[in-house]
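# okay, sequence plus prediction incoming.
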2 protein chains.
Amino acid sequence: MSKKIRLGIIGLGAEGGMYAEFLNEGRVDNMEIGAISDILPEKKEAADGYGVPFYADYKEMITSGDVDAVVTTVPHYLHPEMGIFALENNVHALVEKPVGVYTKQANELIKLAETKPELQFGVFFNQRTNQLYKDLKEIMDSGELGNLRHTSWIITTWWRPQGYYTQSDWRATWGGEGGGVLVNQAPHQLDLWQWICGTPERVFARAEFGFKRDIAVEDEVNALVSFPNGATGTFITCTHDMIGTDRLEILCDKGKIVVDDSKKVTISRFVENEETLSTNMGMDVVKQLFTGQLDMNQYVSVETRDYESVWGEQHCEVMRNFAAAVNGEEELLAPGSDGIHGVQLANGIHLSAWTGKEVDLVDFDEATYLDELNKRIRDEGKFEERN
Amino acid sequence: MSKKIRLGIIGLGAEGGMYAEFLNEGRVDNMEIGAISDILPEKKEAADGYGVPFYADYKEMITSGDVDAVVTTVPHYLHPEMGIFALENNVHALVEKPVGVYTKQANELIKLAETKPELQFGVFFNQRTNQLYKDLKEIMDSGELGNLRHTSWIITTWWRPQGYYTQSDWRATWGGEGGGVLVNQAPHQLDLWQWICGTPERVFARAEFGFKRDIAVEDEVNALVSFPNGATGTFITCTHDMIGTDRLEILCDKGKIVVDDSKKVTISRFVENEETLSTNMGMDVVKQLFTGQLDMNQYVSVETRDYESVWGEQHCEVMRNFAAAVNGEEELLAPGSDGIHGVQLANGIHLSAWTGKEVDLVDFDEATYLDELNKRIRDEGKFEERN
């Protein structure tokens, strides 16, 4: 049996507390709680309950020898510096999403990790363990559907009432959280979308800041992206749609995928590349089309799949996979370096919304992004500027 | 019984021929074929078959006294000049969609029509007669759902194989047709969308020209629009999706409408304005939300409606309504002046896609649009420039 990896949990809030429970219940067979760190001294009681050491200072926990790896369930801005400190001290780092708030910060962590290939550096994209998205990734990577033409994701199931935002001072601020739905809720889809469809080259976006919530950051986003080879996509998200939509469409040369509610997948496969089919169709087909007599079934076969996921399974699977990677048994499902795509697209959407201009994502201007972010942090007057 | 209006059909192609059949079959009780005009002399035979006069020159037909009104089933560029000639000669004009290819041209017709209030000037938006969309218009106009927040329409059911494009020289050219899916297929939805949701102020768009078809014009479009008061929307259309999607979403302060396949409508009504609900929810609700125990049914009631439409009924209803308006019995369901919105949004999308910049629709730069259009007509080298 593999070595049981001792995880240090930095921040025993809602998320960290949930992971602690999963580990304590034995839901991850190759991982256990090594120690817990939190700035709130009263969290020691929980650590005592689990029978593990407690540290007020996460750095002390990392250098204590009590942990093989850490997870950073803390406000987003802190993920990179904690990840860096762990790796510098030869402790594996499982960083919460997003891997950073802005690309400059995220890249510092990623660059450091490249110099430490002996250490595992992962990002907590639990939705990558969802079988549905794993299957989509496999289908797209296999090439059976050909090149991407268009994709859209309407993901407005992130409804949050005002009380959610007012529960802590840093939430939904520029200085404390660094963004709204793009930084907190939608990073999952920003990751999955690019994991499955590829990385776009440009983005134009409109975002509304404090549109239907009393917050500084965005609660509504429309983004229009361009992939290489003329493929395009739209991404729509918000936190004020009480009965949100979750609908992903992916149109390719040889097929189309539609996903409803992250549960139902409809895969249509064309008998040939659609362009070839189109080119070879005669006027008789055009006539049939216009008289309603064209039977599309001759060109398309349709498969539907239904998926169910059990609450908590995804998070346990991320931890299991991470521990297995530490033990040299598996590849990481979500390497930390992949986290840059979501951060960059979120930053690009902000920057486009702020400037009213399309933003280059290949040669992304991270300095201007940070300037614009700091401008907002300054105006807010509650947190220090970032560098 | 009302007077039977004598319709002159200009252009006895696929569309004009269909209207002639409907009228000949007596499907429109207050309208009959008055005369037929076509530049192809062989169409006289059909006119003889219907027992109506035939004119090679549409102007002669208009001044002949044989017709009370005309319909312009001809290439789009010709709609405005034919509409103008009809109105100038005191003949009512039912103009095919789009009411013009570019706003300058469309506005000339609309301006003239304003000086002739005694004449009916309509645009052939048959989908406005669809009970589903009439009902949505009524719901939105009634104010029961409050202000618009967001709307998206994915309307990619306009699949056309290459043979469709190669059947005539003018089709899918800048000089002959003036655009692709935006000018030919999607004008229906460009109209319905704005009829129901209002007129946007700005648009950013990406369009692909000759993306998956051997044509000069656009076969794929992504548009991101801004309405007044921060509401936004996306509009996606193309002609290369063999199993296209038709999905319209409208999110408002007090409810949400989702339409699938122009057939199934789901209307969710919130018990109060969502923002008020959100503001008044306590931390207990937030906790319920995060533990999966929040029952959204207490805030929302859902109604579903199914609609069926019979082929041809919409077109007959446009003609019946137009004849009734000529007889002073009804208001036009689609006044010609409404046609400007669809033309302007289509032009705005083109201009944004050409320039890579967001386009102002309130103070639309129609001169630049026409310059850019003429540049493409010039490069094409097959048709005369427009003015």
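Good, I have the coordinates.

# can you pull the residues of the stretch 51-200 of chain A lying near chain B?
Within the stretch 51-200 of chain A, the residues that sit near chain B (C-beta under 8 Å from any C-beta of the partner chain) are A:149-150, A:152, A:154, A:156, A:159-164, A:167. (Each C-beta comes from the backbone N, C-alpha and C, glycine too.)

# kindly recompute the last result at 6 Å.
Residues of the stretch 51-200 of chain A lying close to chain B (C-beta under 6 Å from any C-beta of the partner chain) are A:161-164.

# drop anything exposed from these.
Buried by 16 or more other C-beta atoms under 10 Å in any protein chain shown: A:161-164, out of those.

# can you tell me which two in the residues you listed are farthest apart?
Checked with C-beta to C-beta, these reach their widest spread between A:162 and A:164, with 7.1 Å between them.

# rewinding a little: from the residues of the stretch 51-200 of chain A next to chain B, which is closest to residue B:252?
Relative to residue B:252, the closest of those is residue A:161; by C-beta to C-beta it sits at 17.8 Å.

# from residue A:319, how far off is the residue lying closest to residue A:315 once chain neighbours are set aside?
The spatially closest residue to residue A:315, leaving aside those adjacent along the chain, is residue A:126, at 5.0 Å (C-beta to C-beta, 6 or more residues apart in numbering or on different chains). Computed as C-beta to C-beta, to the nearest Å, the residue A:126 to residue A:319 distance reads 9 Å.

# related to what we said a few turns ago, ok, now which ones touch the residue nearest to residue A:315?
By C-beta atoms under 6 Å, 6 or more residues apart in numbering or on different chains, the contact list for residue A:126 reads A:314-315, A:318.

# in the helix or strand bottoming out on mean pLDDT in chain A, what's buried?
One helix or strand of chain A scores below all others by mean pLDDT, DSSP states H and E: helix A:283-290, with a mean of 89. Neighbour counts using 16+ other C-beta under 10 Å place A:285-286, A:289 of helix A:283-290 among the buried residues.

# can you give me the helices for the stretch 101-250 of chain A?
For the stretch 101-250 of chain A, the helices defined by DSSP state H, counting those that start in this stretch occupy A:103-114, A:131-142, A:162-166, A:187-197.

# other SSEs contacting the second one?
Just to be clear, that refers to helix A:131-142. helix A:187-197 (3 or more C-beta pairs under 6 Å, 6 or more residues apart in numbering or on different chains; DSSP states H and E).

# same question, the third one
When contacts are defined as 3+ C-beta pairs under 6 Å, 6+ apart, helix A:162-166 packs onto helix B:283-290.

# does the helix it packs on come close to chain A?
Yes. Judged by C-beta under 6 Å from any C-beta, helix B:283-290 comes into contact with chain A at B:283, B:286.

# so where is the stretch 1-150 of chain A shaky, pLDDT-wise?
When residues are selected by pLDDT under 70, those of the stretch 1-150 of chain A lie in A:1.

# for it, what spans make up the strands?
Using DSSP state E, counting those that start in this stretch, the strands of the stretch 1-150 of chain A run over residues A:5-10, A:31-37, A:54-55, A:69-72, A:92-95, A:121-123, A:148-155.

# can you check the stretch 251-387 of chain A too?
Secondary structure of the stretch 251-387 of chain A by DSSP E, counting those that start in this stretch: the strands cover A:255-260, A:264-270, A:300-306, A:359-360.

# who does the shortest one pair up with?
Put plainly, it is strand A:359-360. strand A:202-209 (antiparallel) (DSSP bridges).

# could I get the full set of helices for the stretch 251-387 of chain A?
A:274-280, A:283-290, A:313-326, A:339-355, A:366-380.

# what's the separation between the closest residue to residue A:73 other than its chain neighbours and residue A:244?
Distance criterion C-beta to C-beta, 6+ apart; nearest residue to residue A:73, sequence neighbours excluded, is residue A:16 at 3.5 Å. To residue A:244, residue A:16 is 26 Å away according to C-beta to C-beta.

# neighbour count winner among those two?
Ranked by neighbour count (other C-beta atoms under 10 Å in any protein chain shown), residue A:16 and residue A:244 place residue A:16 first, with 22 against 18.

# make TSV from the residues of the stretch 51-200 of chain A next to chain B and add pLDDT to it.
Below are these laid out as TSV (pLDDT from 0 to 100):
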residue	pLDDT
A:161	97
A:162	97
A:163	95
A:164	95
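
# what's around residue A:386, how many residues?
Quick note: residue A:386 (other C-beta under 10 Å) scores 16 neighbours.

# elements contacting the least confident helix or strand of chain A?
Helix A:283-290 sits against helix B:162-166, with contacts defined as 3+ C-beta pairs under 6 Å, 6+ apart.

# let's see the helix it packs on as PDB, backbone CA atoms only.
Taking Å, rounded to 0.1, in the frame of the first residue of the first chain, the C-alpha atoms of helix B:162-166 are listed here in PDB:
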ATOM      1  CA  GLN B 162     -23.100  25.100 -50.500                       C
ATOM      2  CA  GLY B 163     -25.600  24.300 -53.300                       C
ATOM      3  CA  TYR B 164     -28.000  26.800 -51.900                       C
ATOM      4  CA  TYR B 165     -25.400  29.600 -52.300                       C
ATOM      5  CA  THR B 166     -24.300  28.700 -55.800                       C
END
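
# mind checking how far it is from the chain centre?
In terms of C-alpha atoms, centre = their mean, to the nearest Å, the centre of helix B:162-166 is found 22 Å from the chain centre.

# next: stretch A:214-223.
With C-alpha atoms, centre = their mean, you get 17 Å for stretch A:214-223.

# how about low-confidence regions in the stretch 251-387 of chain A?
In the stretch 251-387 of chain A, no residues with pLDDT under 70.

# near chain B, which residues of it show up?
Residues of the stretch 251-387 of chain A lying close to chain B (C-beta under 6 Å from any C-beta) are A:251, A:256, A:268, A:274-275, A:278-279, A:281, A:283, A:286, A:300, A:356.

# adding distance to residue A:120, write these out as JSON lines.
JSON lines is the format used below for those (distance: C-beta to C-beta, whole Å):
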{"residue": "A:251", "distance to residue A:120": "36"}
{"residue": "A:256", "distance to residue A:120": "37"}
{"residue": "A:268", "distance to residue A:120": "39"}
{"residue": "A:274", "distance to residue A:120": "42"}
{"residue": "A:275", "distance to residue A:120": "43"}
{"residue": "A:278", "distance to residue A:120": "48"}
{"residue": "A:279", "distance to residue A:120": "49"}
{"residue": "A:281", "distance to residue A:120": "52"}
{"residue": "A:283", "distance to residue A:120": "60"}
{"residue": "A:286", "distance to residue A:120": "57"}
{"residue": "A:300", "distance to residue A:120": "43"}
{"residue": "A:356", "distance to residue A:120": "41"}
